[in-house]
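Colleague: Show me the folded form of this:
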Amino acid sequence: MAITTPMETGRIFLVGAGPGDPDLLTVRAARLIASASIIVHDGLVDSAILEIARNDARLISVAKSRSRHSMPQDDINALLIREAKAGHDVVRLKGGDPFIFGRGGEETEECRAAGVPVEIVPGISAAIGCAAEAQLPLTHRDAASAVTFVAGQCKGLTDQDWSGLAGKGRTLVIYMGVATATDIADKLMADGLSPDTPVAVLEKGTRKDSRAMRTLLADLGGLMTREKVKSPALIVVGDVVLRSNAEEKLAQWVKQAENMA
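Modeller: Sure, this is the predicted structure:
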């Protein structure tokens, strides 16, 4: 009678890929990507990072966009658990940091509930990496002593309370806000923030085609339209924006405002 040995469960590594530049990967992340046989990755992971993978690695894209998800979150969770229970170690590769708007918490909980070992490998968040490239300090002794991260589309803007998150001495960083930029500006101004509050838009930060642009809060939606800003992009609101090297994009808006006066 043949004796079979139960298959050992593999491990899940939730790995932060950082904002885009492969040089900003942690050493641990780079080693895991280079050795993994299965990599389940988001659409925000730059192709240059995926090139680090082994030639025989199985790359599975679960890219998401505002209007289209290639795979629902429940299916992603099931995929990770299924591969691990088949004995495979899986690198779950996420843009930025897994625990900052990366749904890493949900995936970790599902893995634990299924009895699958999971390890979190932090990455440089988009806010930290993109701001550093633009030489934009998120806190500054003379400008801001607090910084808050929010999502510009999670569950709809009307469900979110941003009261007190932006203003004097505070920096607000908004993820996933390109499509809702005008609504975001209206929401903040309705909450009392001045229309001439400095704002930066950091598009594709740390990548070869990155842009850093500066305007005023009242012009945020206009800037997005004029400059044809594409995701991924961050919006930074607060006086720290004036400390950055972001290119000022005010001329056209100021001219339009003067004509309307």
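Colleague: quick one: residue 203 from residue 228, how far?
Modeller: 10 Å (CB to CB, to the nearest Å). Placement of C-beta: from N, CA and C, glycine included.
Colleague: The two: which is more packed in?
Modeller: Set residue 203 next to residue 228 and count neighbours by other CB atoms under 10 Å: residue 203 wins out with 21 against 7.
Colleague: Tell me which residues touch the more buried one, please.
Modeller: By CB atoms under 8 Å, 6 or more residues apart in numbering, the contact list for residue 203 reads 210, 211, 212, 213, 229, 230, 232, 233.
Colleague: Repeat the analysis, applying 10 Å as the threshold.
Modeller: For residue 203, the contacting residues are 130, 178, 209-213, 224, 227-234, by CB atoms under 10 Å, 6 or more residues apart in numbering.
Colleague: Am I right that residue 181 is in contact with residue 226?
Modeller: No. Between residue 181 and residue 226 there is no contact, the gap being 11.6 Å when judged by CB atoms under 10 Å.
Colleague: what residues are shared contacts of these two?
Modeller: Counting by CB under 10 Å, 6+ apart, the contacts common to residue 181 and residue 226 are residue 219.
Colleague: Out of the two, name the residue with the larger neighbour count.
Modeller: Neighbour totals were compared for residue 181 and residue 226, and residue 181 leads with 23 against 14 (other CB under 10 Å).
Colleague: Okay, buried residues for stretch 188-204 please.
Modeller: 188, 193, 197, 198, 199, 200, 201, 202, 203, 204 (16 or more other CB atoms under 10 Å).
Colleague: Ok, stretch 162-180 next?
Modeller: Residues 162, 165-167, 170-178, 180 are the ones in stretch 162-180 that count as buried (16+ other CB under 10 Å).
Colleague: quick one: the closest residue in space to residue 126 that isn't next to it in sequence and residue 245, what's the gap?
Modeller: Of all residues not flanking residue 126 in the chain, residue 96 sits nearest, at 4.3 Å (CB to CB, 6 or more residues apart in numbering). Here the criterion is CB to CB. By it, residue 96 lies 22 Å from residue 245.
Colleague: Compare those two and say which is more crowded by neighbours.
Modeller: Taking other CB under 10 Å, residue 96 and residue 245 do not tie; residue 96 has more neighbours (28 against 10).
Colleague: so what's the backbone phi/psi at the more buried one?
Modeller: When read as degrees, to the nearest 10, the backbone of residue 96 gives phi 70, psi -130.
Colleague: bridging residues for it?
Modeller: On the basis of DSSP bridges, residue 96 is bridged to residue 18.
Colleague: which residues touch it?
Modeller: Shown in contact with residue 96 (CB under 10 Å, 6+ apart): 16-20, 42, 44-45, 102, 104, 122-130, 175, 232.
Colleague: of the residues you listed, buried ones?
Modeller: Buried subset of the contacts of residue 96 (neighbour count, 16+ other CB under 10 Å): 16-20, 42, 44-45, 102, 104, 122-130, 175, 232.
Colleague: can you give me the strands in the stretch 1-150 of the chain?
Modeller: All strands of the stretch 1-150 of the chain, identified by DSSP state E, counting those that start in this stretch, fall at 12-16, 38-41, 58-61, 90-94, 118-121, 144-151.
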